[in-house]
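Chemist: A structural model of the following input is requested.
(4 chains)
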There are 2 protein chains.
Amino acid sequence: MSRIITDLKEKISSGQSVAGTRLPSEAALTRTYSVSRTVVREAIAVLRAEGLVEARKGSGVFVLDAVEPPRQPFADLDIDRVASAIELLELRSAVEIRSAGLAAARRSALQLEVLIGLHRGLAKRVAAGEPTRDADFEFHYAIAEATQNQRFAEFLSAIRPGIVPRTVLGQDAADPKLKAPNPHLVEEHEQILDAIMDGDPAAAEAAMKAHLDNSLARYRAFLRNPEG
Amino acid sequence: MSRIITDLKEKISSGQSVAGTRLPSEAALTRTYSVSRTVVREAIAVLRAEGLVEARKGSGVFVLDAVEPPRQPFADLDIDRVASAIELLELRSAVEIRSAGLAAARRSALQLEVLIGLHRGLAKRVAAGEPTRDADFEFHYAIAEATQNQRFAEFLSAIRPGIVPRTVLGQDAADPKLKAPNPHLVEEHEQILDAIMDGDPAAAEAAMKAHLDNSLARYRAFLRNPEG
DNA sequence: GCCGAAAATTCATCATACGTATTGACGCAA
DNA sequence: TTGCGTCAATACGTATGATGAATTTTCGGC
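Modeler: Numbers count the residues shown, from 1 in each chain, chains lettered A, B, ... in the order given. Prediction:
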């Protein structure tokens, strides 16, 4: 069944069937795929539900113009391509540096407590030699939340797939060199946190810039010398 | 047919059927909706294709955990809410200021020409009293492209719906006061363009900051005194 | 109470049939 | 030749019955 759906979709998206084209009739599909009409109809029902085709009774099934679904931004990142990671980091820096500054100026007492808690948790993980990617992200996310502008947090959520790679079942294709934790992670976060505690936007921005520039430098070093 | 699909979807999403719940059997659905098995099966085929349910032969059709489809970021903006526009502008500033700086440092000769052309076009529109929203966006977009980092342009594309409101057929709900063009638009763009031409990142960032701060100020003024 | 076989249930697919809408061909008249 | 009406062929929508395969339930024997 899924074979038929896949096949028909392929024919549609590959442009073999432009908008307005008529699909083969149910009877014809029955013959070409050697299945019953039930199966053919269920396959077409799926295509219809997805808005790919339109069935006109007595006439046939017709391909509709593909309404380009709004593409998920930042979803095409090839996390294994270092250049791609650098691109995203550059964009992220722009946002996060401002984010740190705004957080220093606006954070609530409660948000400050959350940040401190997250920072301690991350320090513990580092000390224990556990993975830090998620905890790291949470710290940055909490800073974005402390800006009191939800768009900053929303931005981080949107690019998260490009920051925190989904480990593929059993094997992670990312280069282990790149996964080595930043040795100064805790100190750098500490300086950001201190500046936010002090309510010093300039210092917070500087600390965040230093933190992200450090990552950028590590990526670039890897690009220059992948074996190093 | 669509009635059954809608109904079943509603039952699933409304939480009446949590993950693991069994849907009524085909025979039962046939009775409750007074349709044939054909129709019921086609409806279920659609739900299956959408990953909402899983059919186990001999056992039944079971609801799956709803895999939260990745929400389109920045798509929930209520452009008529000034506070929402301010939020987005604040985020956008962080990106665009850096964007201007990078563009000044990296723009190619061709990109510079494009920028100059777009700027002239915008100036003409202003002189002619024509709408400038799209041309304005294009100028900013071209700057993002001149960073040589596609993520900056991608970011602008993603938030565009929140910047350039789609005028609803016949009537635009946005307040006319907010739609009044920035009286210094051309001059401000000119300063940004000059800095990019000069290859002066600091000046470009300052000019972009001034430009966006101006918008921000106008929004805030409107918030304080909507009638002004 | 436990176990295993039989029965009932349920989805997957096939085949046939009827209704309705559309299309195209044919024939007839102007 | 052109235009029009009728009718048959085609195609989708739905209904129904039957078979197969996998699972669940029931129930009898121990």
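Chemist: hey, let's count contacts and neighbours off CA atoms from now on
Modeler: OK.
Chemist: what parts of chain A come near chain B?
Modeler: Residues of chain A found near chain B, taking Cα under 8 Å from any Cα of the partner chain as the criterion, are A:38, A:41-43, A:45-46, A:49, A:70, A:72-74, A:87-88, A:91, A:94-95, A:98, A:149-152, A:154-155, A:158.
Chemist: among those, which are in helices?
Modeler: Cross-referencing these against helices under DSSP state H gives A:38, A:41-43, A:45-46, A:49, A:87-88, A:91, A:94-95, A:98, A:150-152, A:154-155, A:158.
Chemist: can I have the buried ones of those as a PyMOL selection?
Modeler: A single PyMOL command is used to select the members of these judged buried by 16 or more other Cα atoms under 10 Å in any protein chain shown:
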select buried, chain A and resi 41+42+43+45+46+49+87+88+91+94+95+98+151+152+154+155+158
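Chemist: just checking: which of the ones in helices among the residues of chain A next to chain B also lie near DNA strand C?
Modeler: Restricting these to those adjacent to DNA strand C (criterion: Cα under 7 Å from any atom of the strand) gives A:T38.
Chemist: and the residues of chain A next to chain B near DNA strand D, which?
Modeler: Cross-checking those against DNA strand D (Cα under 7 Å from any atom of the strand) gives A:R41 as the overlapping residues.
Chemist: look at A:A142 and say how many residues are nearby.
Modeler: By other Cα atoms under 10 Å in any protein chain shown, the residues close to A:A142 number 18.
Chemist: same check, this time on A:R71
Modeler: The criterion is other Cα under 10 Å. On that basis, A:R71 has 10 neighbouring residues.
Chemist: repeat for A:V53
Modeler: Residues near A:V53, counting by other Cα under 10 Å, number 25.
Chemist: that one contacts A:G60, doesn't it?
Modeler: No - with contact taken as Cα atoms under 8 Å, A:V53 and A:G60 are classed as non-touching, separated by 10.2 Å.
Chemist: where do the contact lists of the two overlap?
Modeler: Common neighbours of A:V53 and A:G60, counting by Cα atoms under 8 Å, 6 or more residues apart in numbering or on different chains, are absent.
Chemist: and the host helix or strand of A:V186, what does it pack against?
Modeler: Secondary structure assignment for A:V186, by DSSP states H and E: helix A:185-198. With contacts defined as 3 or more Cα pairs under 8 Å, 6 or more residues apart in numbering or on different chains; DSSP states H and E, the secondary structure elements packing on helix A:185-198 are helix A:82-106, helix A:109-128, helix A:201-224.
Chemist: quick one, which of those helices is packed in tightest?
Modeler: Using mean count of other Cα atoms under 10 Å in any protein chain shown, the stretch among the helices and strands packed on helix A:185-198 with the greatest mean number of neighbours is helix A:82-106 (a mean of 22).
Chemist: turn the helices and strands packed on helix A:185-198 into JSON lines, including mean pLDDT.
Modeler: Below are those laid out as JSON lines (pLDDT from 0 to 100):
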{"stretch": "helix A:82-106", "mean pLDDT": "93"}
{"stretch": "helix A:109-128", "mean pLDDT": "96"}
{"stretch": "helix A:201-224", "mean pLDDT": "91"}
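Chemist: would you turn those into CSV with distance to B:A144?
Modeler: As requested, the helices and strands packed on helix A:185-198 are exported to CSV (distance: least, Cα to Cα, whole Å):
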stretch, distance to B:A144
helix A:82-106, 11
helix A:109-128, 33
helix A:201-224, 20
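Chemist: isn't A:H119 up against A:H189?
Modeler: Yes - applying Cα under 8 Å as the test, A:H119 and A:H189 come out as touching, 7.4 Å apart.
Chemist: is it correct that A:E26 is in contact with A:S36?
Modeler: No - in this structure, A:E26 is not within contact of A:S36 by Cα under 8 Å, at 9.3 Å.
Chemist: out of the two, which sits in the busier spot?
Modeler: A:E26 (18 against 13).
Chemist: list the residues that contact the more buried one.
Modeler: Contact analysis of A:E26 by Cα under 8 Å, 6+ apart lists A:37, A:40-41.
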